[in-house]
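S.K.: Let's see this in three dimensions:
(2 chains)
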Amino acid sequence: MTNSLDKIIESEYKKAFEILDKYIKYIKEEYGIDYKIPRLEILENTPLFYAHYSKFKNEIMLGKKSIKNLIDKQLKFLNNKEETKRLIYERLKSLGYKEIKDKDIEYLNIKHSLISLLYPFYTNEINIRKSITKYIIIFILLHEIWHSIDDSILDKLDKGSTIKDIVYSTISNNLELRASAFGAAIVFFSKWFSQR
Amino acid sequence: MKEDIELHMPIYLHVENMLEETTILENNEYKNVGDPYDLGFCYGNIIVAKYGSSLKKNIHKIIDEIITFE
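M.R.: Prediction:
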């Protein structure tokens, strides 16, 4: 698992920037920021966080131990498949769907401080652990990549430049919110789905 | 088309969850008590719900919305 997790992280990191390439170009041109793609650092024994973006190093650090624990938790959740299916089918029915096709779709159960959410992701039935790992990694990476983009915007503002009507404090007070919003939105419409 | 339906079903389900949770958060004066991670997920999924099938077409608008979010 250790070596394969490294490979998946590296592969998804590369894929994330392939997905984001044209969007990053747009942001650079539209907002005039000097953005440099951060390096990737995989940490072996860091139980305290899944990932962190270091502005000083321009580096995205992923804590392998924490991520592995998260994957294990999700696999346990998926073992309760019948209960999960029941909950999902009830909701879909209430939305008016008559036929439910759940082939190759599974759900992550992500607990936040106030809420618990089900996130859909495509699976490869042959290796569900690999599928779930890829999904978790891309989700985490998109979040951290947005932090690196936000830092480039803040850098420009910090140097006295103006970017449209953006105020420095608006960004700095909402860093986590913005990164989570970006990750949640991008993962749905990115090419990532079609690349499974 | 079939693929679209299969893809969108769980997305809509997810959005439905998010919109409900957002309402709960708002009713609880979320700005004071909410976790920014939660709010970000809600916001991101509201964007998904807002643009629906025209997400890709509006990608630049969506990026602008996130960048200029207040």
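
S.K.: from the middle of its chain, how far away would stretch A:154-172 be?
M.R.: The chain centre lies 25 Å from the centre of stretch A:154-172; the measure is Cα atoms, centre = their mean, to the nearest Å.

S.K.: which stretches of the chain have low pLDDT?
M.R.: I'll assume chain A. Scanning chain A for pLDDT under 70 picks out A:1-2, A:47, A:81, A:84-85, A:87-125, A:189-196.

S.K.: not quite, I wanted chain B
M.R.: Within chain B, the segments meeting pLDDT under 70 span B:1-34, B:70.

S.K.: let's see 90
M.R.: Chain B contains residues with pLDDT under 90 at B:1-59, B:62, B:65-70.

S.K.: Helices along the chain, start to end?
M.R.: Chain wasn't specified; assuming chain A. Remark: helices assigned in chain A by DSSP state H are A:2-31, A:64-79, A:81-94, A:128-158, A:168-172, A:175-189.

S.K.: my bad, the chain I had in mind was chain B
M.R.: Applying DSSP H to chain B gives helices spanning B:2-27, B:30-33, B:36-51, B:59-67.

S.K.: which residues touch B:Tyr43?
M.R.: B:Tyr43 sits next to A:Leu177, A:Ser180, A:Ala181, A:Ala184, B:Phe69 when contact means Cβ atoms under 8 Å, 6 or more residues apart in numbering or on different chains. Using the backbone N, CA and C atoms, a C-beta is placed for each residue, glycine as well.

S.K.: and A:Ile138, what does it touch?
M.R.: A:Glu12, A:Lys15, A:Ala16, A:Val187, A:Trp192.

S.K.: Closest one to chain B out of those residues, please.
M.R.: Ranked by distance to chain B (Cβ to the nearest Cβ), these are led by A:Val187 at 8.5 Å.

S.K.: Might one say that the closest one is in contact with A:Phe139?
M.R.: Yes. Counting by Cβ atoms under 8 Å, A:Val187 touches A:Phe139, with 5.9 Å between them.

S.K.: For burial, what's the neighbour tally of B:Tyr37?
M.R.: 20 (other Cβ atoms under 10 Å in any protein chain shown).

S.K.: That one - nearest residue in space that isn't next to it in sequence?
M.R.: A:Ser180 (5.0 Å; Cβ to Cβ, 6 or more residues apart in numbering or on different chains).

S.K.: give the contact list for the one you found.
M.R.: Residues near A:Ser180 by Cβ under 8 Å, 6+ apart: A:His143, B:Pro36, B:Tyr37, B:Asp38, B:Leu39, B:Gly40, B:Phe41, B:Tyr43, B:Gly44.

S.K.: if I look at A:Lys22, how far off is A:Lys68?
M.R.: As judged by Cβ to Cβ, to the nearest Å, A:Lys22 and A:Lys68 stand 32 Å apart.

S.K.: So those two - more neighbours on which side?
M.R.: A:Lys68 (15 against 10).

S.K.: how near is the more buried one to chain B?
M.R.: For A:Lys68, the distance to chain B equals 20 Å [Cβ to the nearest Cβ, to the nearest Å].

S.K.: And that residue, how close does it get to A:Lys36?
M.R.: 29 Å.

S.K.: what does A:Lys55 give?
M.R.: Distance from A:Lys55 to A:Lys36, by Cβ to Cβ: 11 Å.

S.K.: More neighbours: these two, which one.
M.R.: Comparing A:Lys55 with A:Lys36 by other Cβ under 10 Å, the one with more neighbours is A:Lys55, at 14 against 8.

S.K.: What is the burial count for the nearest residue to that one once chain neighbours are set aside?
M.R.: Distances taken as Cβ to Cβ, 6+ apart place A:Asp151 nearest to A:Lys55, at 4.9 Å, with adjacent residues excluded. Residues near A:Asp151, counting by other Cβ under 10 Å, number 20.

S.K.: Good, we can wrap up now.
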